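> Give me a model of this one.
(one chain, ligands or ions: 2)
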Amino acid sequence: MTSQLRDSKLSFIGGGNMAAAMIGGLLAKDVPKQNICVSEPWDVNRDKMKAQGVRTTTSNVEASEDASLVILAVKPQVAKGVCQELANAWSERKTLPVVLSIAAGITLESLREWCKLGDGRTPHIVRVMPNTPALVGEGASGLYAGDDVTKEEKDLAAALLASVSKATEWVDKEELLDVVTGLSGSGPAYFFAMVEHLIASAVGLGLSEEQATRLAKQTCFGTGKMMIESSEDPAQLRKNVTSPNGTTDAALKSFEASGFKDIVDKAVKAATDRGGELGRTLGKQ
Ligand SMILES: NC(=O)C1=CN([C@@H]2O[C@H](COP(=O)(O)OP(=O)(O)OC[C@H]3O[C@@H](n4cnc5c(N)ncnc54)[C@H](OP(=O)(O)O)[C@@H]3O)[C@@H](O)[C@H]2O)C=CC1
Ligand SMILES: O=C(O)[C@@H]1CCC=N1
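Ligands and ions are numbered 1, 2, ... in the order given. Below you'll find the predicted structure:
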């Protein structure tokens, strides 16, 4: 972790699933608890955060008061109101915090418009797309920043994401963040769904739920670890499992016959398109 990140005051606006994952990951990396403040309306979520030792409040304005980095971690549908509330409260501030938006789809243009202060100043904004494995320090994150963001600010944003992610990728076109969302932002759900189905299939064929769950989870984990640690690419690793005319071959042929590639293509595109759609519809409101 960089000293710049360790010394920064971080304010999470919204303390839901993704904020909890990032905060859990940050605390595991020894970011000082007292440097993290979360504003969250729901007492159940607030209590969970409080139990981790970070500061909590119901007031977005209070949470952002002394922050150098404000992480906008609310649903896209409420981002506009939250940005406007914060911009109103920051009019007396000489130095504005850097805003990191994790809201899927919401464009820089909209964020800048909503975060504009009465005197015309706009905070520097970085869009990021993390994922929930950040909780265990195994996140994958994409980032995009406009030209107004300084190198130091980009380094700080990247350091925050890198502290909870093993892959931190800058994209050079904003629309590519929607693709990152369709791949790694939503991606954990695809793998969870796959494991759910694997367990159900094996239980249907006679294994106990407990055994099927242990075997399926470990297969997913072991496969991921192997992909990261091996010098061979995923296609070669797949071939290494697949004996000619053997059991894996039978399964992969069945996948193919059911249109596996097409199923994946369509799903990633659906998520990517939904990101763009959220940006367009919510940006207009
Ligand atoms: N979950 C994920 O895997 C990922 C999510 N994201 C993005 O992260 C953002 C948050 O998603 P996620 O954590 O899943 O959503 P959650 O609903 O779990 O978290 C959002 C939290 O914000 C709270 N909230 C609602 N209104 C306000 C407000 N005005 N001020 C402050 N807090 C408020 C909500 O409280 P209440 O429930 O009471 O409304 C909720 O606890 C989204 O924009 C999403 O696109 C990005 C990457 C991955
Ligand atoms: O489902 C969503 O919209 C958010 C963004 C990426 C993961 N969860």
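> drop to CA atoms for contacts and neighbour counts, all remaining ones
OK.
> all helices of the stretch 101-250 of the chain, in order?
Assigned by DSSP state H, counting those that start in this stretch, the helices in the stretch 101-250 of the chain fall at 108-114, 151-162, 176-180, 187-204, 209-229, 234-241, 247-257.
> Could you tell me the angle between the longest helix seen in the chain and helix 187-204?
Taking DSSP state H as the criterion, the chain has its longest helix at helix 260-284. Interaxial angle, helix 260-284 versus helix 187-204 (axes from the mean of the first three to the mean of the last three C-alpha atoms, to 10 degrees): 140 degrees.
> coming back round to it: right, so of the helices of the stretch 101-250 of the chain, which gets closest to ligand 1?
Ligand 1 lies closest to helix 187-204 among these, at 7.6 Å (C-alpha to the nearest ligand atom).
> Low-confidence ranges, this protein, go.
By pLDDT under 70, the low-scoring segments of the chain are 1.
> Now the phi/psi pair for the residue of it most remote from its centre, please.
Going by C-alpha atoms, centre = their mean, the residue of the chain most distant from its centre is N245, 40.0 Å out. Note on N245: backbone dihedrals following degrees, to the nearest 10 are phi 60, psi 20.
> Would you mind measuring from it to L205?
Distance, N245 to L205, by C-alpha to C-alpha, to the nearest Å: 22 Å.
> Grab the nearest non-local neighbour of K50.
T56 (6.3 Å; C-alpha to C-alpha, 6 or more residues apart in numbering).
> any idea which helix or strand carries that neighbour?
Using DSSP states H and E, T56 falls within strand 55-57.
> what's next to the following helix or strand past that strand, contact-wise?
Counting by DSSP H and E, the element after strand 55-57 in chain order, helix or strand, is helix 60-64. Applying C-alpha atoms under 8 Å, 6 or more residues apart in numbering, the contact partners of helix 60-64 are 11-13, 37-40, 56-57, 70, 82, 85-86, 89.
> what does this protein have sitting close to ligand 1?
13-19, 39-42, 73-76, 82, 102-104, 129-132, 185 (C-alpha under 6 Å from any ligand atom).
> ok, now how distant is the residue in the stretch 151-285 of the chain that ligand 1 sits nearest to from ligand 2?
Using C-alpha to the nearest ligand atom, G185 is the residue of the stretch 151-285 of the chain that sits closest to ligand 1, at 4.8 Å. Distance of G185 to ligand 2, given as C-alpha to the nearest ligand atom, to the nearest Å: 4 Å.
> That residue against V128, yeah?
No: with contact defined as C-alpha atoms under 8 Å, G185 does not reach V128; the gap is 9.8 Å.
> Centroid-nearest residue for this structure?
Compute the mean C-alpha point of the chain, and by C-alpha atoms, centre = their mean the closest residue is P130, 2.1 Å away.
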